[in-house]
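In: need a structure here:
(chains A and B, ligands or ions: 2)
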Amino acid sequence: MLTTYDTPDQRNLLDRTGQGIIGAPLDRPDGPLKVAGQAPYAAEYDLVGCAEGVLVGAAISKGSIAAIHRDEVLAMPGVLLVLSDKAMLRRPAQGGAAQAPAQDVRQIDYHGQPVALVVAETFEQATAAAKALRIDYDDQSGSGRFDPDALDFAPGEEPTVLGDIDEAMSKAAHRVDETYRTEGHASAAMEPHAAIAQWDGDDLTLWGSLQMVAPNVKELADSLRIPDARVRIVAPYVGGGFGSKLGISHEGVAAALAALELQRPVRVTLSRQQVFETVNRRSETRQRVRLGADAGGRLLALGHEAWISNLPAEDFAEPVTQATQFLYGGDNRYLAVLKGEITRLTAGSVRAPGEAVGMQVLESVMDELAHKIGIDPIELRKRNLPARLPGQDLPYSSRKLFEAMDEGGAAFGWSKRKPKPCMTRDGEWWVGMGMASAARVNMMQPASAQVRLEADGRVIVETDQTDIGTGSYAILGQIAGEMLGCPMDRVEVRLGDSRFPAGAGSGGSWAASSTGSAVFRACESIRIELAGRLRIDSEALELSGGIARGAGKEAPVTRLLAGAPLERIGRIKPGKTADNYAQASYGAFFCEAGVNAFTGEVRVRRMLGAFGFGRVLNAKTARSQCLGGMVWGIGGALSEELQFDPRDGRLMNHDLAEYHIPVNRDVPPIEVLLLEERDAAASPIQAKGAGELGICGTGGAIANAIFNACGVRPRHFPITPDKLLAQLPDPFAEIAS
Amino acid sequence: MRAFDYARATEAAEAVGSDARLLAGGTNLLDLMKLEVETPARVLDINRTGLDRIEADGEGLRIGALVSNSACAADARVRADWPLLAQAILAGASPQLRNKATMAGNLCQRTRCQYFMRTDTRCNKREPGSGCDALEGVNRNHAILGASEACIATYPGDMAVALAALDAWVEIDSPSGRRSVALREFHRLPNGIAHRDNVLEPGEIITAITLPAPVRGRQIYRKVRERSSYAFALVSVALVLRMDAGRIAAAQLAFGGLAHKPWTDSRVAEALLGQKPSPALFDKAADLLLSGAQGQGENDFKIPLARRTLAAVLHDATKE
Ligand SMILES: Cc1cc2nc3c(=O)[nH]c(=O)nc-3n(C[C@H](O)[C@H](O)[C@H](O)COP(=O)(O)OP(=O)(O)OC[C@H]3O[C@@H](n4cnc5c(N)ncnc54)[C@H](O)[C@@H]3O)c2cc1C
Ligand code: SF4
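Out: Residues are numbered from 1 along each chain as shown, chains lettered A, B, ... in the order given. Ligands and ions are numbered 1, 2, ... in the order given. Alright, predicted model coming up:
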């Protein structure tokens, strides 16, 4: 079987295996372990003689270290080592970088940047010593750039230019040209970053909290300048990632260096504040969107420009216009991302980089246009879905956007939406409805997995794929169980160890479809082998309940195995299907929100998302991903915002008391509709990405509901009360009438 | 966290004259000790001093200093006669925190100014004389009334705002005997001295909070915040109001999120008395409340927000 995926696999084999396992809403096998405390996280391994390391953050924003007063601290009780090594990282590696060249922590790029590691016998001793460590700086903070509006911007990528947008705008019958803002987001996950490093001669084992084991091995080896083969990473359970654990980060490299120096295991755990201050943030954005439509509401002009920021040394530029490339038509286009260099912590891939903030704004501006033209927002979107990818003339592999809007709208009761704002009042609250499209690019990543059919018929799946709370254990097992006709209690999935074949890692919504396809292919090889042993064509093979049958023949699988296990590695990597089709997952969000007529507080009252992302591999884990995305969408729309000190770029709300994610009470009943879809161009299991789609546009639906409720068009996210107050209609006006 | 000596008191008298920091629920003190914002050498645990009873006090109520916030909010007498207090407590923190938090600890909770809560900034409250980084920094949560160049922080709590509106008193045991301070006088304005939040002197312990006889009328605690729980107030209003023949017959008010203490201003209630409720009257009350208000930049919005919240609460309390 070819490794690259060049032609869509139309056989839809998983629809014919008939086990009822694939797609079923099965519980995650790791769930009971997690609630019972039996799923150890990175910091929770008990290693004999483990020393404790605490990182020290820079007290300045820019400059270098002149002196570190090590001796004072080394004299403190229990202190073993003060490390400030050239090989340490000051910024985490970007997702999939597969390299992490030495960065020299003695150069300071942002406030709070790791500059040293203090190691002691106990965590308390290390914490006290880290706090006491005196550092002299050559302080260049004065030359830092702290105002995201006053940076020098340069293109982050080649702009997309089609036709003449200015001319098209001038000719348009209806036009909107507005600038929006979104504030930065934290990627902090429930489990703070942690690592334990242990050397055995030249061999390093790192227990880490990481999303992409195979590239992380390369990154760690690169920063230590040792061969990849000397590094083993173990990360079977990861308590959330959101992009913050895509690349190797400072705690892992520092733990490895200290363990080498001390010749004993070292654990480094980031405090919650350090997580906020030193791992990836989502960049704040300024976005100008231009839409020009003809009298019939068809787009002639589509402009989307974004200004984002990152550290001078970082190439990553939040790909804000990613979905704008393929979602709507319009022959005259201008899409660009401009990056400015700022003295703030590293910006990187945070759940749905690009779409999370880009769709939020694009979908708000689409609502503005629909309102201007006076047509239903769904109708405007329907009129502008291109038949083929604009500019590149490629077909769409699959697109359930129409269905999502229709079925979602029907289930939500969209027809009851009032066409104009300020028409529904419930006590102090203006109430309105809004909708938005959901779209997120689909990507496949190279992946491999091993499947072993044991002589007794049990199935073992092994890959370094991580499960960051998303359901990898569940769905990879389901694919194997379905393909090999093996009940789930006889399927075991082992993940997150670099000794296993390299999966795709958890990122970019690709884990399920990529690593799932590798498992699928390994199973297919096993099926072909079993069919051969039964002397039938593999197409005719049926596997169920431990029996292989087909073409009138039948035998217990264990007999075909004849006492020996059967082991295959499945591999896949993107091929021509990736180039020949525009691939994305789609959906639609519907939201009902209340805006307090007096205070401008916004509360989401109910929400519905309808999504099509190809085959649903597990209806429960898929739904949970959608729910989680929409909950973050509520946060991004209404409360989440990194607050930086304007004078030195230091992050001021660096914990979960001050950085406001939604609480239970902010999350109303949310309904999720999963639409039947098969996308053979996306993967041989006909699945696309699901993990990020739920956050790609949610905020737009909420903002549009706010407009529909009270007539104020919020153009600055998060939409906190202060941004609505000035324009809110007189709270008494309606009550009087 | 710095090392400290720990002792446990079995009666309040042990705390009187002690130079130790008193530990009640610990939900604020321990957090700040972990951050090394608070670095007491000695900590005296007062949880077993028996000050955890709610008792009738004439027509009023005497609530022990160590009564948990949850227990107070759940008390049948409180719910029936001083519902404002229950509402305000339940508007704060989370159930777990309220189970641990005590009445006195809640009164003495420290500001949530983000510069105060870390040790690498200039903050007069944490380190007298060092300056105030909030003046030109992140100050969205800060004061618009009664602030001083020395400190623009707010008192963040909810419960004390209700207690101020209810005319509660704070009972304090000090080396020179027992004294009582009106809740309205308990917290102080910075007036150039930022490090003292309230009038408690070293060696004193709060033993109880007392409520006078219940006041008739509608009681409303309204807390405004961008998320609906587990966040401090941007602005809050505590109101007790009674109508008589279409006119406002009695009104007691206090405001949270605006100043270094629960804010009270007798002119506001006076302007309302004997009047027929109307948007114009609410505006007039807000004019008086906010006549001296000054924004710090990021928190300018609190001025219109306080006006509108007051209007919402007055409207709510006076409608038929
Ligand atoms: C995440 C979070 C969110 C929160 N949200 C809110 C909110 O929305 N609204 C709100 O009002 N509060 C909120 N709180 C604060 C909470 O109400 C306080 O932490 C709590 O009330 C403090 O009570 P405690 O008994 O734990 O005090 P402790 O932490 O034990 O003590 C606090 C202070 O009071 C002093 N003290 C305690 N008892 C006495 C006494 N008898 N005499 C003299 N001094 C004494 C202590 O020495 C210490 O200085 C929140 C807290 C957290 C952590
Ligand atoms: S406002 Fe007060 S608490 Fe905040 S930094 Fe200034 S002095 Fe400190």
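In: Going by C-alpha atoms from here, please, whenever you check contacts or count neighbours.
Out: Fine.
In: wait, what's in contact with A:S544?
Out: A:19, A:484-486 (CA atoms under 8 Å, 6 or more residues apart in numbering or on different chains).
In: What distance do you get for it to A:T558?
Out: 12 Å (CA to CA, to the nearest Å).
In: What ranges does the stretch 351-500 of chain A have for its helices?
Out: Here the stretch 351-500 of chain A has its helices, by DSSP state H, counting those that start in this stretch, at A:355-373, A:377-382, A:401-412, A:472-484.
In: Among these, show me which one is buried the most.
Out: Across these, the average number of neighbours (mean count of other CA atoms under 10 Å in any protein chain shown) peaks for helix A:472-484, which reaches a mean of 28.
In: same for it, what does it pack against?
Out: The contact analysis (3 or more CA pairs under 8 Å, 6 or more residues apart in numbering or on different chains; DSSP states H and E) places helix A:472-484 against strand A:459-462, strand A:491-494, helix A:511-534, strand A:542-544.
In: Quickly list what the closest residue to A:R425 other than its chain neighbours is bridged to.
Out: Nearest-residue entry for A:R425: A:V431, 5.9 Å, with adjacent residues in sequence omitted and distances by CA to CA, 6 or more residues apart in numbering or on different chains. For A:V431, the beta-bridge partners are A:G594 (DSSP bridges).
In: and A:V431, how many neighbours?
Out: For A:V431, the tally of surrounding residues (other CA atoms under 10 Å in any protein chain shown) stands at 30.
In: before we move on, what about A:R230?
Out: A:R230 has 15 nearby residues by other CA under 10 Å.
In: cool, and A:K131?
Out: 17.
In: And for the one 10 residues further on?
Out: The tally of other residues near A:S141 (other CA under 10 Å) stands at 21.
In: Chain neighbours aside, what residue packs nearest to it?
Out: A:K62 (4.5 Å).
In: what does B:K34 give?
Out: Nearest one to B:K34, counting by CA to CA, 6+ apart, is B:M1 at 4.5 Å.
In: re earlier: pretty sure the residue nearest to A:S141 sits against A:D109.
Out: Yes: between A:K62 and A:D109 there is a contact under CA atoms under 8 Å: 5.1 Å.
In: Those two - which one has more neighbours?
Out: A:D109 (28 against 25).
In: Which residues lie in contact with that one in this structure?
Out: By CA under 8 Å, 6+ apart, the neighbours of A:D109 are A:61-63, A:90, A:311, A:343-345.
In: So which of these are in strands?
Out: A:G63 (DSSP state E).
In: Throw the contacts of A:D109 into CSV and include pLDDT, thanks.
Out: Formatted as CSV, the contacts of A:D109 follow (pLDDT from 0 to 100):
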residue, pLDDT
A:S61, 98
A:K62, 97
A:G63, 97
A:R90, 88
A:L311, 96
A:T343, 98
A:R344, 97
A:L345, 96
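In: Below-threshold pLDDT in the stretch 1-150 of chain A: ranges please.
Out: Applying pLDDT under 70 to the stretch 1-150 of chain A flags residues A:1-2.
In: Same check on chain A?
Out: For chain A, the ranges with pLDDT under 70 are A:1-2, A:734-737.
In: go again using 80 as the cut-off
Out: Residue ranges of chain A with pLDDT under 80: A:1-2, A:101-102, A:734-737.
In: near chain B, which residues of it show up?
Out: A:59, A:124, A:128, A:428, A:598-599, A:601-603, A:638-639, A:643-647, A:652-653, A:657, A:660, A:662-663, A:665-666, A:720-722, A:725, A:732 (CA under 8 Å from any CA of the partner chain).
In: quick check: longest helix of chain B.
Out: Taking DSSP state H as the criterion, chain B has its longest helix at helix B:302-318.
In: Can you give me the buried ones in that helix?
Out: B:302-315, B:317-318 (16 or more other CA atoms under 10 Å in any protein chain shown).
In: A:V667: what's it in contact with?
Out: Per CA under 8 Å, 6+ apart, neighbours of A:V667: A:604, A:631, A:634.
In: re earlier: highest neighbour count among the contacts of A:S544?
Out: Neighbour max across the contacts of A:S544 (other CA under 10 Å) = A:L484, 29 neighbours.
In: Please name the bridge partners of the closest residue to it other than its chain neighbours.
Out: Leaving aside its chain neighbours, A:L484 sits nearest to A:L543 (5.8 Å; criterion: CA to CA, 6+ apart). Beta-bridge pairing for A:L543 (DSSP bridges): A:A548.
In: A:L543 contacts A:E554, doesn't it?
Out: No: between A:L543 and A:E554 no contact is recorded; they are 9.8 Å apart, counting by CA under 8 Å.
In: between the two, which one's more packed in?
Out: Legend: neighbour count by other CA under 10 Å for A:L543 and A:E554, higher for A:L543 (25 against 15).
In: who are the neighbours in contact with the more buried one?
Out: A:17, A:483-486, A:549.
In: Near the closest residue to ligand 2 within the stretch 201-320 of chain B, how many other residues are there?
Out: Here the stretch 201-320 of chain B gets closest to ligand 2 at one residue, B:H260, 9.0 Å apart by CA to the nearest ligand atom. The number of residues packed near B:H260 is 28, by other CA under 10 Å.
In: Give me the common contacts of A:K62 and A:D109.
Out: Joint contacts of A:K62 and A:D109 (CA under 8 Å, 6+ apart) are A:T343.
In: Leaving out chain neighbours, which residue sits closest to A:V350?
Out: A:G243 (4.5 Å).
In: just checking, that neighbour is part of a helix?
Out: No: read with DSSP: H, G, I helix; E, B strand; the rest coil, A:G243 is coil and lies in no helix.
In: I figured it hits A:R281, correct?
Out: No: taking contacts as CA under 8 Å, A:G243 lies outside contact range of A:R281: 9.0 Å.
In: joint contacts of those two?
Out: A:187, A:348-350.
In: Could you measure from B:A20 over to ligand 2?
Out: Taking CA to the nearest ligand atom, to the nearest Å as the measure, B:A20 and ligand 2 are separated by 23 Å.
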